[in-house]
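Peer 1: Would you be able to build a 3D model of this:
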Amino acid sequence: MPGGRLTQQDRRQIAQGVADGLAYAEIARGLDRPTSTITREVMRNGGPTAYRADLAHRAAEQRAHRRRKPAPRRTQTPPQAHGRDAEAVREYEEAFAAVFIQTGLPRMSARVLVSLHTADAGSLTASELVQRLQVSPASVSKATTFLESQGLIRRERDEHRRERYVVDADVWYQSMIASAQAHTYLVEVAQQGVGVLGPGTPAAARLENIARFVDFVRESIVRAAEQAREILGTPAETDSTDRSEPGPDR
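Peer 2: From the prediction side, this is the model:
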């Protein structure tokens, strides 16, 4: 029924819609469900290229079974701010992480990145990440080191001289520019190949087309990033100096 748990038939309809290339909103209308429900369902079960109805239904039954079993209480979960539904937030973060994983991020790095994006302060300390994700300090350290190397987060010290990991609008700008720079290297190598293989040959023409296409995309990325930075700027509410979110270091 609308609003209830997805049935196996629902999941088969979702799988068929994904296979047919339908938008999530269109699949949702056919099932009389919110679009967010379909998005979470697909992304938490392998994404659009790997979604399988039977596997997704089995995974959902296993999750339901685990929720029914009383589990030993672990470290207390930080309270949700602004009256948020803790279960809805958890499911959303799983779906968000799945999107990052689809782009090639390691699972733990994706979870850390999502935690930083969904924290109201836009930043967390290592111990806050350990508590939030219920993982070891070593796992957090490895994930944050990788994210820093990719330019997706930055590190800063707060007024108590604690190291905090931060995401903000400028971090995404820098990441886009770094991506464009990687495209620059591809353009240069492809153009070198034209000289090596001989101008006018089929192989050289192919490389020349690659260089022109990638260079056009690279310039478009840089231009769009610059325009977005100029027009949108950094919203005041994402200022990382806001430390109102509760955490173990407070």
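Peer 1: Give the buried residues for stretch 115-125.
Peer 2: Buried positions in stretch 115-125, judged by neighbour count with 16 or more other C-beta atoms under 10 Å: 115-116, 119, 121-125. To be clear about C-beta, it is placed using only N, CA and C from the backbone, and glycine gets the same treatment.
Peer 1: Domain-wise, how is this protein divided?
Peer 2: As assigned by automatic domain parsing, the chain contains the domains 8-68, 81-166, 169-233.
Peer 1: re earlier: export the buried residues of stretch 115-125 to JSON lines and append columns for distance to residue 102 and pLDDT.
Peer 2: Listed next are those as JSON lines, based on distance: C-beta to C-beta, whole Å; pLDDT from 0 to 100:
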{"residue": "115", "distance to residue 102": "18", "pLDDT": "93"}
{"residue": "116", "distance to residue 102": "19", "pLDDT": "92"}
{"residue": "119", "distance to residue 102": "22", "pLDDT": "90"}
{"residue": "121", "distance to residue 102": "27", "pLDDT": "86"}
{"residue": "122", "distance to residue 102": "23", "pLDDT": "86"}
{"residue": "123", "distance to residue 102": "25", "pLDDT": "89"}
{"residue": "124", "distance to residue 102": "23", "pLDDT": "93"}
{"residue": "125", "distance to residue 102": "28", "pLDDT": "92"}
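Peer 1: Out of those residues, name the two that are farthest from one another.
Peer 2: Across those, the longest distance by C-beta to C-beta is 12.8 Å; it joins 122 and 125.
Peer 1: Quick one: low-confidence residue ranges for this structure.
Peer 2: For the chain, residues meeting the criterion pLDDT under 70 lie at 1-3, 66-79, 169, 233-250.
Peer 1: what are the ranges of the strands in it?
Peer 2: Taking DSSP state E to define them, one finds strands in the chain at 123-125, 154-157, 163-166.
Peer 1: Out of these, the one nearest residue 189 is which?
Peer 2: With C-beta to C-beta as the criterion, residue 189 lies closest to strand 154-157 of the strands of the chain, at 29.7 Å.
Peer 1: Name the strands paired with the closest one and say parallel or antiparallel.
Peer 2: Neighbouring strands of strand 154-157 in its sheet, by DSSP bridges, are strand 163-166 (antiparallel).
Peer 1: how about the partner strand: buried residues?
Peer 2: 164-166.
Peer 1: same thing with stretch 58-66?
Peer 2: By neighbour count, with 16+ other C-beta under 10 Å as the criterion, the buried positions of stretch 58-66 are residue 60.
Peer 1: Can you show me the helices along this protein?
Peer 2: Assigned by DSSP state H, the chain shows helices spanning 8-19, 24-31, 35-43, 53-68, 86-102, 107-118, 126-133, 137-149, 169-197, 202-232.
Peer 1: Any idea which of these gets closest to residue 158?
Peer 2: Across these, closest to residue 158 is helix 126-133 (C-beta to C-beta), at 11.5 Å.
Peer 1: Distance-wise, check residue 124 relative to residue 106.
Peer 2: To residue 106, residue 124 is 18 Å away according to C-beta to C-beta, to the nearest Å.
Peer 1: Find the nearest non-adjacent residue to the most centrally placed residue in the chain, please.
Peer 2: Centroid-nearest residue in the chain: residue 100, 3.1 Å away (criterion: C-alpha atoms, centre = their mean). Distances taken as C-beta to C-beta, 6 or more residues apart in numbering place residue 110 nearest to residue 100, at 3.8 Å, with adjacent residues excluded.
Peer 1: just curious, which of the buried residues of strand 163-166 is nearest to residue 142?
Peer 2: Distances from residue 142 to the buried residues of strand 163-166, taken by C-beta to C-beta, are shortest for residue 165, at 12.8 Å.
Peer 1: Lovely, talk soon.
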